[in-house]
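Asker: Provide a 3D model corresponding to the input given below.
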Amino acid sequence: MFIPTLENQMDDEQRAYWLPKAKAFEITGAYAQTELGHGSNVQGIETTAHYDPKTQEFILNSPTLTSRKWWPGGLGKTANHCVLHARLFLDGKDRGVQAFLVPLRDTATHRTLPGITLGDIGPKIGFQSVDNGFCVLDHVRIPRRNMLMRFAKVAPDGSFSKPPMDKLVYFTMVKIRVLVAVVCARSMASAVTIATRFSAARVQGSAGRGQPENQVLNYENQQLTLFPLIGLAYASYFAYRGLDAMYKQVAEQVDQGDMGLGTSGENTIHATFSTNYTRRHRD
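Answerer: Residues are numbered from 1 along each chain as shown. Now for the predicted structure:
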């Protein structure tokens, strides 16, 4: 999510500077949106970013316990930068949630930078290969140009240019939801393929003396279990393709339509089906 956000949210000058560093792994990044008290409710984010026009810097802070960033992948141990979502305040006025590129660890020593507390959130039910972590900010200063300014902009004097759509700030999350849909569809397809091939290769029970044993797949109960799931795997993949086409259309014309609800719903459906039916294939 880190590099796609830089590609989607940075202006031309920012992309020219930061993208080569990210793609060459000179910097490694996390996507720090979710907080301990706020997940998909982006408008409930509590992390703050106050602009100081005297120094042309943003002051980032985690003012409450629930405002600490919680769950971002790579934040626990790996990332030395993050795209952080915070509420922007200009002259005391709340300008909504904006995205900022924040250095977390020294790129030479990997030591945590001053004013920042980082850690791993510990054991999870799954996805153990990813170091999901937390981040607490204590009045951390970053340069003005570290705000991602393709859409929303803050001038040196603190004047604000509003984006055409507020939802553009977290459009990357929509892309990730589309990717989750295809990952779940492919996982379901892999599981049912393995189960079906095993059922075709496995023999059990003879039809009579001198007769070969029956393939497990020939039993009606096995077919009733597997065949609907094969159809569901195809349906899930076709649903993903429709969702992906919708995303690409909106990406080309970002000022038309709102697909946030659709991606959230399909994301949940695909993940639930993938988990439940993978268990059935295994059983």
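Asker: wasn't Lys175 part of a helix?
Answerer: Yes. Secondary structure of Lys175, determined by DSSP: H, G, I helix; E, B strand; the rest coil: located in a helix.
Asker: next one: it from Val182, what distance?
Answerer: Remark: distance between Lys175 and Val182 (Cβ to Cβ, to the nearest Å) = 11 Å. The C-beta positions use only the backbone N, C-alpha and C, and glycine is treated the same way.
Asker: check Ala201 too.
Answerer: 28 Å.
Asker: what about these two, which has more around it?
Answerer: Per other Cβ atoms under 10 Å, whichever of Ala201 and Val182 has more neighbours is Val182, with 17 against 10.
Asker: didn't the more buried one look like it was pressed against Gly242?
Answerer: No. Using Cβ atoms under 8 Å, Val182 is not in contact with Gly242; the gap is 11.4 Å.
Asker: check what pLDDT the most centrally placed residue in the chain gets.
Answerer: The chain has Ile176 as the residue nearest its centroid, 4.9 Å off, counting by Cα atoms, centre = their mean. At Ile176 the predicted local confidence, pLDDT, stands at 77.
Asker: now it. Nearest residue, chain neighbours left out?
Answerer: Of all residues not flanking Ile176 in the chain, Met1 sits nearest, at 5.5 Å (Cβ to Cβ, 6 or more residues apart in numbering).
Asker: and the residue lying farthest from the centre of the chain, its phi and psi?
Answerer: Distance from the C-alpha centroid of the chain peaks at Arg209, with 58.3 Å (Cα atoms, centre = their mean). The phi/psi pair for Arg209 (degrees, to the nearest 10) reads phi -60, psi 130.
Asker: could you do Ser40 as well?
Answerer: According to degrees, to the nearest 10, Ser40 has phi -70, psi -10.
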